[in-house]
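Q: need a structure here:
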Amino acid sequence: MKVLVPVKRVVDYNVKVRPKVDGSGPEVNNLKMSINPFCEIAVEEAIRLKEKGLVEEIIAVTIGPQQAQEQLRTALALGVDRAILVLTDILVEPLAVAKCLKELCCRETPDLVILGKQAIDGDNNQTGQMLGALMRYPQGTFASELTIEGNRATVQREVDGGLQTVSLRLPAIVTSDLRLNEPRYASLPNIMKAKRKPLATLTPEELGVDVSLRTQLLNVKLPPERKAGVVVNDVKDLVHKLKNECKVI
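A: Here you go, the predicted model:
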(Lines give C-alpha, C1' and ligand atoms only; values in the text may rest on other atoms or scores of the structure.)
Protein backbone atom coordinates (compact mmCIF):
# COMPACT_ATOMS: atom_id res chain seq x y z
CA MET A 1 0.00 0.00 0.00
CA LYS A 2 1.20 3.50 -0.85
CA VAL A 3 0.46 6.54 1.33
CA LEU A 4 0.67 10.20 0.32
CA VAL A 5 1.17 12.69 3.15
CA PRO A 6 0.87 16.42 2.33
CA VAL A 7 2.70 18.68 4.80
CA LYS A 8 2.81 22.45 5.16
CA ARG A 9 5.59 24.84 6.18
CA VAL A 10 4.30 27.19 8.91
CA VAL A 11 5.68 29.41 11.65
CA ASP A 12 6.51 27.24 14.66
CA TYR A 13 3.58 27.03 17.06
CA ASN A 14 5.75 28.31 19.94
CA VAL A 15 6.42 31.60 18.12
CA LYS A 16 4.07 34.54 18.52
CA VAL A 17 3.32 36.09 15.12
CA ARG A 18 2.71 39.83 14.77
CA PRO A 19 1.48 41.86 11.78
CA LYS A 20 3.81 43.90 9.60
CA VAL A 21 4.08 47.61 10.34
CA ASP A 22 2.03 48.47 7.26
CA GLY A 23 -0.62 45.83 8.09
CA SER A 24 -0.14 44.06 4.75
CA GLY A 25 0.26 40.65 6.36
CA PRO A 26 1.91 38.70 9.17
CA GLU A 27 5.62 39.25 9.73
CA VAL A 28 7.37 35.90 9.21
CA ASN A 29 10.91 36.97 8.31
CA ASN A 30 13.59 35.45 10.56
CA LEU A 31 11.01 33.38 12.45
CA LYS A 32 11.44 29.70 13.18
CA MET A 33 9.53 27.57 10.66
CA SER A 34 8.41 23.97 11.12
CA ILE A 35 5.98 21.34 9.89
CA ASN A 36 2.37 22.19 10.70
CA PRO A 37 1.54 20.22 13.91
CA PHE A 38 -1.48 18.46 12.37
CA CYS A 39 0.69 17.45 9.40
CA GLU A 40 3.27 16.04 11.82
CA ILE A 41 0.54 13.84 13.25
CA ALA A 42 -0.35 12.67 9.73
CA VAL A 43 3.30 11.78 9.04
CA GLU A 44 3.52 9.86 12.31
CA GLU A 45 0.36 7.88 11.52
CA ALA A 46 1.70 6.89 8.10
CA ILE A 47 4.98 5.75 9.67
CA ARG A 48 3.13 3.69 12.27
CA LEU A 49 1.13 1.98 9.52
CA LYS A 50 4.40 1.15 7.76
CA GLU A 51 5.88 -0.25 10.98
CA LYS A 52 2.84 -2.54 11.20
CA GLY A 53 3.64 -3.87 7.72
CA LEU A 54 0.54 -2.34 6.15
CA VAL A 55 2.35 0.30 4.06
CA GLU A 56 5.19 -0.19 1.60
CA GLU A 57 5.94 3.41 0.64
CA ILE A 58 5.27 6.86 2.14
CA ILE A 59 5.52 9.98 0.00
CA ALA A 60 5.56 13.44 1.57
CA VAL A 61 4.61 16.45 -0.53
CA THR A 62 4.53 20.17 0.14
CA ILE A 63 3.62 23.18 -1.96
CA GLY A 64 5.73 26.24 -1.25
CA PRO A 65 9.08 28.00 -1.68
CA GLN A 66 12.52 26.44 -1.96
CA GLN A 67 12.97 26.73 1.82
CA ALA A 68 10.15 24.19 2.28
CA GLN A 69 12.72 21.51 1.48
CA GLU A 70 13.69 21.80 5.14
CA GLN A 71 10.30 20.50 6.27
CA LEU A 72 10.38 17.71 3.68
CA ARG A 73 13.82 16.66 4.93
CA THR A 74 12.39 16.55 8.44
CA ALA A 75 9.62 14.25 7.22
CA LEU A 76 12.22 12.07 5.48
CA ALA A 77 14.21 11.90 8.72
CA LEU A 78 11.11 10.74 10.58
CA GLY A 79 10.69 7.78 8.24
CA VAL A 80 9.12 8.97 4.96
CA ASP A 81 10.60 7.22 1.89
CA ARG A 82 10.64 10.06 -0.63
CA ALA A 83 9.39 13.61 -1.02
CA ILE A 84 8.02 15.97 -3.65
CA LEU A 85 8.25 19.76 -3.57
CA VAL A 86 5.80 21.69 -5.73
CA LEU A 87 7.81 24.88 -6.05
CA THR A 88 6.02 28.24 -5.92
CA ASP A 89 6.59 31.53 -4.11
CA ILE A 90 2.88 32.35 -4.16
CA LEU A 91 0.91 31.88 -0.93
CA VAL A 92 -1.25 29.06 -2.28
CA GLU A 93 -4.93 28.93 -1.31
CA PRO A 94 -6.65 25.68 -0.22
CA LEU A 95 -8.39 25.06 -3.56
CA ALA A 96 -5.12 25.42 -5.48
CA VAL A 97 -3.43 23.08 -2.97
CA ALA A 98 -6.21 20.51 -3.48
CA LYS A 99 -5.84 20.75 -7.27
CA CYS A 100 -2.09 20.20 -7.06
CA LEU A 101 -2.62 17.23 -4.76
CA LYS A 102 -5.22 15.83 -7.16
CA GLU A 103 -2.68 15.84 -9.99
CA LEU A 104 -0.10 14.17 -7.76
CA CYS A 105 -2.66 11.55 -6.71
CA CYS A 106 -3.34 10.81 -10.38
CA ARG A 107 0.41 10.35 -10.95
CA GLU A 108 1.27 8.42 -7.78
CA THR A 109 -2.06 6.54 -7.30
CA PRO A 110 -1.80 6.29 -3.49
CA ASP A 111 -4.12 3.95 -1.61
CA LEU A 112 -4.42 6.43 1.25
CA VAL A 113 -3.94 10.17 1.64
CA ILE A 114 -3.37 11.33 5.22
CA LEU A 115 -3.14 15.05 5.91
CA GLY A 116 -3.64 17.41 8.82
CA LYS A 117 -7.19 18.60 9.36
CA GLN A 118 -6.00 22.23 9.14
CA ALA A 119 -2.91 24.44 9.18
CA ILE A 120 -2.26 26.67 12.17
CA ASP A 121 -1.57 29.72 10.01
CA GLY A 122 -4.81 29.92 8.00
CA ASP A 123 -7.02 27.55 10.06
CA ASN A 124 -9.12 26.98 6.93
CA ASN A 125 -9.82 23.26 7.36
CA GLN A 126 -10.64 22.94 3.65
CA THR A 127 -7.92 21.12 1.71
CA GLY A 128 -8.79 17.54 2.70
CA GLN A 129 -12.47 17.96 1.93
CA MET A 130 -11.75 19.70 -1.39
CA LEU A 131 -9.34 16.95 -2.40
CA GLY A 132 -11.96 14.34 -1.55
CA ALA A 133 -14.48 16.11 -3.79
CA LEU A 134 -12.01 16.47 -6.67
CA MET A 135 -10.86 12.84 -6.49
CA ARG A 136 -14.30 11.44 -5.58
CA TYR A 137 -12.65 9.59 -2.72
CA PRO A 138 -14.42 8.70 0.54
CA GLN A 139 -13.08 10.73 3.45
CA GLY A 140 -12.80 10.48 7.21
CA THR A 141 -12.11 13.89 8.72
CA PHE A 142 -10.97 14.79 12.26
CA ALA A 143 -9.62 11.29 12.83
CA SER A 144 -8.71 10.30 16.39
CA GLU A 145 -8.17 6.63 15.50
CA LEU A 146 -7.35 4.86 12.23
CA THR A 147 -7.43 1.13 11.46
CA ILE A 148 -6.64 -0.52 8.13
CA GLU A 149 -7.99 -3.99 7.31
CA GLY A 150 -7.74 -5.25 3.76
CA ASN A 151 -9.13 -2.67 1.37
CA ARG A 152 -11.04 -0.76 4.04
CA ALA A 153 -10.10 1.93 6.54
CA THR A 154 -12.04 2.41 9.77
CA VAL A 155 -11.86 5.95 11.12
CA GLN A 156 -13.01 7.10 14.53
CA ARG A 157 -13.68 10.80 14.13
CA GLU A 158 -14.43 13.56 16.60
CA VAL A 159 -17.72 15.39 16.12
CA ASP A 160 -19.60 17.93 18.22
CA GLY A 161 -21.72 15.24 19.86
CA GLY A 162 -18.83 12.89 20.70
CA LEU A 163 -17.26 10.20 18.50
CA GLN A 164 -18.39 8.78 15.17
CA THR A 165 -16.97 5.72 13.42
CA VAL A 166 -16.98 5.45 9.63
CA SER A 167 -15.78 2.69 7.30
CA LEU A 168 -14.12 3.80 4.07
CA ARG A 169 -13.26 1.81 0.97
CA LEU A 170 -9.70 2.48 -0.21
CA PRO A 171 -8.42 4.64 -1.82
CA ALA A 172 -9.56 7.20 0.75
CA ILE A 173 -8.63 10.47 2.44
CA VAL A 174 -8.12 10.88 6.19
CA THR A 175 -7.49 14.16 8.01
CA SER A 176 -5.79 13.90 11.38
CA ASP A 177 -6.91 15.43 14.67
CA LEU A 178 -4.74 16.08 17.72
CA ARG A 179 -5.62 12.85 19.53
CA LEU A 180 -4.69 10.51 16.65
CA ASN A 181 -1.13 10.04 17.99
CA GLU A 182 1.91 11.76 19.47
CA PRO A 183 4.63 12.45 16.87
CA ARG A 184 8.17 11.19 17.42
CA TYR A 185 11.44 13.10 17.21
CA ALA A 186 13.91 12.48 14.41
CA SER A 187 17.18 10.85 15.54
CA LEU A 188 20.54 12.21 14.41
CA PRO A 189 21.38 9.13 12.28
CA ASN A 190 18.02 9.40 10.51
CA ILE A 191 18.58 13.12 9.92
CA MET A 192 21.85 12.27 8.17
CA LYS A 193 20.20 9.48 6.15
CA ALA A 194 17.44 11.86 5.06
CA LYS A 195 19.96 13.89 3.07
CA ARG A 196 20.38 10.95 0.71
CA LYS A 197 16.69 10.18 0.23
CA PRO A 198 15.08 11.30 -3.07
CA LEU A 199 13.41 14.70 -3.17
CA ALA A 200 11.81 15.64 -6.51
CA THR A 201 10.86 19.17 -7.51
CA LEU A 202 7.89 20.10 -9.70
CA THR A 203 6.07 23.34 -10.46
CA PRO A 204 2.31 24.02 -10.56
CA GLU A 205 2.69 24.68 -14.29
CA GLU A 206 4.08 21.16 -14.79
CA LEU A 207 1.02 19.84 -12.98
CA GLY A 208 -1.26 22.01 -15.11
CA VAL A 209 -2.62 23.92 -12.10
CA ASP A 210 -3.25 27.67 -11.89
CA VAL A 211 -2.33 28.81 -8.38
CA SER A 212 -3.23 32.49 -8.89
CA LEU A 213 -4.85 34.06 -5.84
CA ARG A 214 -8.63 34.34 -5.91
CA THR A 215 -8.92 36.34 -2.70
CA GLN A 216 -7.22 39.54 -1.56
CA LEU A 217 -5.84 40.19 1.91
CA LEU A 218 -6.87 43.72 2.83
CA ASN A 219 -5.41 44.23 6.29
CA VAL A 220 -3.92 42.40 9.26
CA LYS A 221 -3.97 43.79 12.80
CA LEU A 222 -3.84 42.56 16.36
CA PRO A 223 -7.14 42.15 18.21
CA PRO A 224 -7.91 44.84 20.79
CA GLU A 225 -6.52 44.18 24.24
CA ARG A 226 -9.00 42.97 26.80
CA LYS A 227 -9.79 45.32 29.65
CA ALA A 228 -8.60 44.30 33.09
CA GLY A 229 -11.18 42.52 35.23
CA VAL A 230 -12.45 43.70 38.58
CA VAL A 231 -13.05 41.90 41.85
CA VAL A 232 -16.57 42.25 43.23
CA ASN A 233 -17.31 42.23 46.94
CA ASP A 234 -20.41 40.04 46.89
CA VAL A 235 -23.24 38.73 44.73
CA LYS A 236 -25.23 41.94 45.16
CA ASP A 237 -22.33 43.97 43.79
CA LEU A 238 -21.96 41.51 40.86
CA VAL A 239 -25.64 41.79 39.95
CA HIS A 240 -25.45 45.58 40.14
CA LYS A 241 -22.49 45.72 37.73
CA LEU A 242 -24.05 43.24 35.31
CA LYS A 243 -27.31 45.18 35.29
CA ASN A 244 -26.14 48.80 35.29
CA GLU A 245 -22.64 48.73 33.79
CA CYS A 246 -22.58 45.73 31.45
CA LYS A 247 -26.33 45.90 30.72
CA VAL A 248 -26.55 42.14 30.22
CA ILE A 249 -29.41 41.50 32.63
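Q: what about I63, is that helix, strand or coil?
A: strand (DSSP: H, G, I helix; E, B strand; the rest coil).
Q: any weak-confidence spans in the chain?
A: Low-confidence regions of the chain, defined here as pLDDT under 70, do not occur.
Q: now the helices: where do they sit in it?
A: Under the criterion DSSP state H, helices of the chain are mapped to 37-51, 69-78, 94-108, 127-135, 188-194, 204-207, 235-240.
Q: Of all those helices, which one is nearest L87?
A: helix 204-207 (8.2 Å; CB to CB). Backbone N, C-alpha and C define where each C-beta goes, glycine included.
Q: Would you mark the buried spots in the closest one?
A: P204, L207 (16 or more other CB atoms under 10 Å).
Q: Mind giving me the packing neighbours of that helix?
A: With contacts taken as 3 or more CB pairs under 8 Å, 6 or more residues apart in numbering; DSSP states H and E, helix 204-207 sits against helix 94-108.
Q: what sits against the spatially closest residue to I63 that is not a sequence neighbour?
A: Excluding the flanking residues, the one nearest I63 by CB to CB, 6 or more residues apart in numbering is V86, at 4.2 Å. V86 makes contact with V61, T62, I63, G64, C100, L104, L202, T203, P204, L207 under the criterion CB atoms under 8 Å, 6 or more residues apart in numbering.
Q: What residues are bridge-paired with V86?
A: Note on V86: beta-bridge partners by DSSP bridges are I63, L202.
Q: ok, back up a step: closest to A172 among the contacts of V86?
A: Closest approach between the contacts of V86 and A172, by CB to CB: L104, at 16.0 Å.
Q: Can you report how many residues neighbour the nearest residue to the closest one once chain neighbours are set aside?
A: Nearest residue to L104 in three dimensions, chain neighbours excluded: V61, at 5.9 Å (CB to CB, 6+ apart). Neighbouring residues of V61 were enumerated by other CB atoms under 10 Å; the total is 26.
Q: that older thread, now the helices of the chain as JSON lines including distance to P19?
A: Below are the helices of the chain laid out as JSON lines (distance: least, CB to CB, whole Å):
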{"stretch": "helix 37-51", "distance to P19": "22"}
{"stretch": "helix 69-78", "distance to P19": "24"}
{"stretch": "helix 94-108", "distance to P19": "22"}
{"stretch": "helix 127-135", "distance to P19": "24"}
{"stretch": "helix 188-194", "distance to P19": "34"}
{"stretch": "helix 204-207", "distance to P19": "28"}
{"stretch": "helix 235-240", "distance to P19": "37"}
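Q: Compare these and give me the one nearest V28.
A: Going by CB to CB, the one of the helices of the chain nearest V28 is helix 69-78, 14.0 Å.
Q: quick one: the nearest residue in space to G208 that is not next to it in sequence from V209, how far?
A: Nearest residue to G208, sequence neighbours excluded (CB to CB, 6+ apart): E103, at 6.5 Å. According to CB to CB, to the nearest Å, E103 stands 6 Å off from V209.
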